[in-house]
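Chemist: mind folding the following:
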Amino acid sequence: MNQVDYIAIMPQTLRKQIEAEAAYAPWLKQGHTLESMSLNQVIMETVYNQMTLQEQQVLRLIVTTIGCEPFDSGKLEKLAAPVMSGADTRVGLLMLLKKGICFAFRKSWGEHVYRMALDGLALWHRILFMDAVEESCEALKPAYVELSETGGKGLAEDIFQSMVYIGQQQLKLTKGGTLPKRQLQKLGEQLSLRDEWFQGTGIKYVYADIYSLKIAVIMECLTRLQLMDLDHEQLGLNEVHSSYWLSLKESEQTKALYQLWKSVLFPGEAWMQHAVFWLEWQPTGVWISSQSLKHWLSAHQLMPIESDIENQGNGFEMLEQQWLLPLIAFGWMEKGWDTAGDACYRWRNHPLNPELTEDEDVRFYVQPDFEVLVPPGVSFSVRWELAVFSEQYKSDAVSVYKLNKECMQRGLENGRSFEGIIHFLERHALYDIPDNVKLTLEQWAKPFGQLQFSQVILLRCENTDVADRVRKLTVSSDFFLEAVGELAWIVKSDQLGSLRAMLDKAGWIPGKMALLDGTVSEVDSTGSSGGHIMKVMENTENGDIAFLEREPEMAAKGFIYSRHNIAYFEMEQRLPNIAELYPDLNGIPTGWMKDYRTYHASTRREIVEKAMEWKAAVQVRHNGKDRLIAPRKLQETRGTWSMTGLEPSELQEICWLADDWQEMKIILPGINDKY
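Modeler: Take a look at the predicted model:
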């Protein structure tokens, strides 16, 4: 989830609490909002420089070791234990929560889980790590790379081909709610994706025993983008969302698809998350060696120690299987090998930073042999309309469509006219339409509409007595188009519901609609029996395409199961005051926090025990030097007791007997930090 998604579901009480933070006051006065501030690098760098040491330490710890994965306080304190006390950790986290840098959710049983937004993590990646990062990697750039693996035609292209197939078919689902095997096979044939590119991702999805990996990926995209409507009986396109989608440039589609995939399969390991961010900053067409990436991660202490990687498998293989291979599959990256035998990668089509400006008016060529040659850059909206009345039989750098009689009929049956088709071809073709093509299309279209089958709703009566009684009931109403003989009428489709209600009230039971051969009709209560191939909206300047910007975790449920269910937890209504982090704070003498002096042995022990309870620190005078100790353990030793703890400033553990130090007081982060 992203910052705006968290802020959108944030209770107003919490929003006001965050906006009341002193660090944000000058920016709010300048007209900034919480949304704009939270992703403004200049503002957040300024906020970082104003943070306390605890905040900075906890923030760095979350960014480097947890990333945007959910975590609880226990995990964070365990990670922080070698460098800071539990109280310091809790206070640092609370201050980050109060600045909207992390977010707190309450589980159903009352426990809390925390998370940093994905784009928030990307922002802190830039602030903390992206200054002067290229110098150390320059020497590791490969001199020669042999290309070994390139991907398909592009995910946007595969989505388009899937939409064409779905839009031109009536896809009925089986009783189990899946597409039949034959239609799954046909859909798979439209795709350039291969299952092996996704075998290492570990994705889990619905109907995994029926749908292949590549089908699941396509279904995920269609569902999350809300391009597809799926009920219990059939699958079809959502006309409004699909129309807007097709009107977008390919670069806009690719960016939306990348962000979608990022939300679905973003790596869980923090070091891999930073590897993804680092790769996003690399330019298109430049080979990046795996050694360069490892060097950068190590230089910023983001790479886990070798033993951790070995426990999980080869670290870079994990990154490749989980993240890089799918990007290759989608046509966004390529893989090669340098002369040293190291894997290298480069952006083939950067989804966030496209290099080429797309031509708004790339045109196709209509050939005398009825072929239409479609070069790269012809918009998806134009290709969609072309596919309505022609057949694509070659998809390559240049796609080839064929005009034929069957496809012409399909176009006419879906609301297109001969004049409209000719106008479309003339508008989008680079040269004039050959005369023989025009003449033949006209000949194919001429017989259309001169006679046609009509599917109507017919009310039939069993005999003349029943017909007379119905005629009297309906004489003053407007239910029928015309009579068919003495026993039947053609019903207006928009009046079917009202007519049925009247007949029911009069005691008649028409029953389910049936065909004359005795089978049940699929016509619904409105009289509609099938869909049509939609037309793409040409003017989308004022269109609502907010469905693309909505975080997929917050939108329609997809096919691929999410690793987290945090979206179903309730965001915390308010954040506690720092004093609330110390239960029974008023139950201890205030002198323990204020007076730096020698206490009685029993009191000293009480202070240490209370510090341990609160996971806080004590300030002590040891051998003439003031030191801050976070006690971890207190135990009986040879008739006295000893304190074992961490000295954060020296990152070392101490173990002292009860009389090894003199003056002391308890230090509570956020309450009396000075010592």
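Chemist: so after the longest helix along the chain, what's the next helix or strand?
Modeler: Residue-count comparison of every helix in the chain, with assignments taken from DSSP state H, identifies helix 250-265 as the longest. Of the helices and strands lying after helix 250-265 in sequence (DSSP states H and E), the nearest is helix 270-280.
Chemist: K625 and I490, how far apart?
Modeler: If you measure K625 against I490 using C-beta to C-beta, to the nearest Å, the figure is 102 Å. No exception for glycine: its C-beta is placed from N, CA and C like everyone else's.
Chemist: show me the shaky parts of this structure.
Modeler: Flagging of the chain using pLDDT under 70 yields the residue ranges 131-140, 232, 305-314, 356-359, 476, 512, 516-532, 537-557, 567, 674-675.
Chemist: T284 and V475, how far apart?
Modeler: Relative to V475, T284 is positioned 74 Å away (criterion: C-beta to C-beta).
Chemist: which one's more surrounded, those two?
Modeler: Neighbour comparison, T284 and V475: the larger count goes to T284, with 14 against 7 (by other C-beta atoms under 10 Å).
Chemist: pretty sure the more buried one sits against H350.
Modeler: Yes: between T284 and H350 there is a contact at 4.5 Å, judged by C-beta atoms under 8 Å.
Chemist: give me every residue that touches the closest residue to E572 other than its chain neighbours.
Modeler: Computed as C-beta to C-beta, 6 or more residues apart in numbering, the closest residue to E572 that is not its neighbour in sequence is A104, at 4.1 Å. The neighbours of A104, taking C-beta atoms under 8 Å, 6 or more residues apart in numbering as the test, are 97, 112-114, 571-572, 575.
Chemist: now do 10 Å
Modeler: Remark: with contacts taken as C-beta atoms under 10 Å, 6 or more residues apart in numbering, A104 is in contact with 14, 73, 93-94, 96-97, 112-115, 569, 571-576.
Chemist: which of those residues fall within helices?
Modeler: Taking DSSP H, the ones among these that sit in helices are 14, 73, 93-94, 96-97.
Chemist: which pair of the residues you listed spans the longest distance?
Modeler: By the measure C-beta to C-beta, the ones in helices among the contacts of A104 have their two most distant members at L14 and S73, which lie 18.2 Å apart.
Chemist: quick check: next helix or strand after the lengthiest strand in the chain?
Modeler: What stands out as the longest strand in the chain, according to DSSP state E, is strand 625-637. The helix or strand immediately downstream of strand 625-637 is strand 640-647, counting by DSSP H and E.
Chemist: packing partners for the helix or strand just after that next one?
Modeler: For strand 640-647, the succeeding helix or strand toward the C-terminus, using DSSP H and E, is strand 652-657. Taking 3 or more C-beta pairs under 10 Å, 6 or more residues apart in numbering; DSSP states H and E as the contact definition, the neighbouring helices and strands of strand 652-657 are strand 617-622, strand 625-637, strand 640-647.
Chemist: put together JSON lines for those, with distance to W271 on each row.
Modeler: Output for those, formatted as JSON lines (distance: least, C-beta to C-beta, whole Å):
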{"stretch": "strand 617-622", "distance to W271": "30"}
{"stretch": "strand 625-637", "distance to W271": "27"}
{"stretch": "strand 640-647", "distance to W271": "25"}
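Chemist: so which of these is the most packed in?
Modeler: Across the helices and strands packed on strand 652-657, averaging neighbours per residue (mean count of other C-beta atoms under 10 Å) puts strand 617-622 on top, at a mean of 21.
Chemist: next, the angle from that strand to strand 640-647.
Modeler: Relative orientation of strand 617-622 and strand 640-647, computed by axes from the mean of the first three to the mean of the last three C-alpha atoms, to 10 degrees: 110 degrees.
Chemist: strands paired with strand 617-622, and their directions?
Modeler: Partner strands and pairing direction for strand 617-622 (DSSP bridges) are strand 625-637 (antiparallel), strand 664-667 (antiparallel).
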